[in-house]
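Peer 1: I'd like to go over a predicted model; first the sequence, then the structure.
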Amino acid sequence: MDITWYGLSCFRLRERGIVAICDPFSKEATGISPPKLRADIVTISHDSPAHNHSKGISGAPKILQRPGDYEVKHVLVTGLPTSPNGTRNVAFFLDFAGFTVGHLGDLSKSPAQRQVEELGDIDILLAPVSGARTLDVSRIAEVISLLDPRIVVPMHYRHDSLRTAPGNAGVSPASSALADSLEPVDRFLKELGISDPEVVDTLKLTKHSLPEETQVVLLRPTQAAR
């Protein structure tokens, strides 16, 4: 399994030739030029230009943006509604032949114990750690403890390419407002008592290389997002 981060909440998951893209963004919403990507599956956690911009993705992917159970090219996908009305945010869990990755989107409601039990074991969890419409860091930490993944990858926090002042060339008010609504990852790391997290460009894992206990790994945005 290879996992690449393009900034904000956008990731590429690649396993055995199957590619999934989670929460592709637009430049207008983020200030980041989205890379040219090909995918078999695209998951959309909610309808926002910062999370729902699949127009530039080639390969005629299956686009998933509603709760439910799906199978695409032997990948089992569960879309879990995680908002009080069941419509604003969908967390997606993708099972690549027993290797499960969860993408929480803009999580605003903790999953119920019954939902967690139905999901089974989660290997990698892509978790939002700041934002006006997400759980605060203490509650996100509780969700991580509840889901008990082997690896947590923080997302949806302020990083260099999002820290752009309004008025600069090519910067929209929307992207500036988004950057202002996010915090750096440090507060989340402090909540978990982590002072020296592992930082990598691409997360490359096999089932055998997963840690026994939950670890936090920071991904650098790809060059396209820097």
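Peer 2: Noted; the coordinates are in hand.
Peer 1: just checking, what packs against the top helix by length along the chain?
Peer 2: Using DSSP state H, we find that the single longest helix of the chain is helix 137-147. In terms of contacts (3 or more C-beta pairs under 8 Å, 6 or more residues apart in numbering; DSSP states H and E), helix 137-147 is packed against helix 113-119, strand 124-128, helix 186-191. In short, each C-beta sits where N, CA and C put it, glycine included.
Peer 1: elements contacting the shortest one?
Peer 2: Spelled out, it's strand 124-128. Looks like strand 124-128 contacts strand 99-103, helix 137-147, strand 151-155 (3+ C-beta pairs under 8 Å, 6+ apart).
Peer 1: How far away from the center of its chain is it?
Peer 2: 6 Å (C-alpha atoms, centre = their mean, to the nearest Å).
Peer 1: With just CA atoms, put it into PDB.
Peer 2: What follows is strand 124-128 as a C-alpha-only set of coordinates in PDB (Å, rounded to 0.1, in the frame of the first residue of the first chain):
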ATOM      1  CA  ILE A 124      -4.600   3.300   8.500                       C
ATOM      2  CA  LEU A 125      -6.800   6.200   9.600                       C
ATOM      3  CA  LEU A 126      -6.700   9.500   7.800                       C
ATOM      4  CA  ALA A 127      -8.000  11.900  10.500                       C
ATOM      5  CA  PRO A 128      -8.900  15.600  10.400                       C
END
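Peer 1: orientation of it relative to helix 137-147 in degrees?
Peer 2: Here strand 124-128 points in a direction 160 degrees away from that of helix 137-147 (axes from the mean of the first three to the mean of the last three C-alpha atoms, to 10 degrees).
Peer 1: Let me see the mean pLDDT of strand 124-128.
Peer 2: Here strand 124-128 scores 97 as its mean pLDDT.
Peer 1: what residues does it touch?
Peer 2: 1, 3, 9, 11, 22, 100-107, 134-135, 140, 143-144, 147, 149-157, 203, 205 (C-beta atoms under 8 Å, 6 or more residues apart in numbering).
Peer 1: One more: stretch 111-118?
Peer 2: For stretch 111-118, the surrounding residues in contact (C-beta under 8 Å, 6+ apart) are 80, 82, 91, 119, 143, 146-147.
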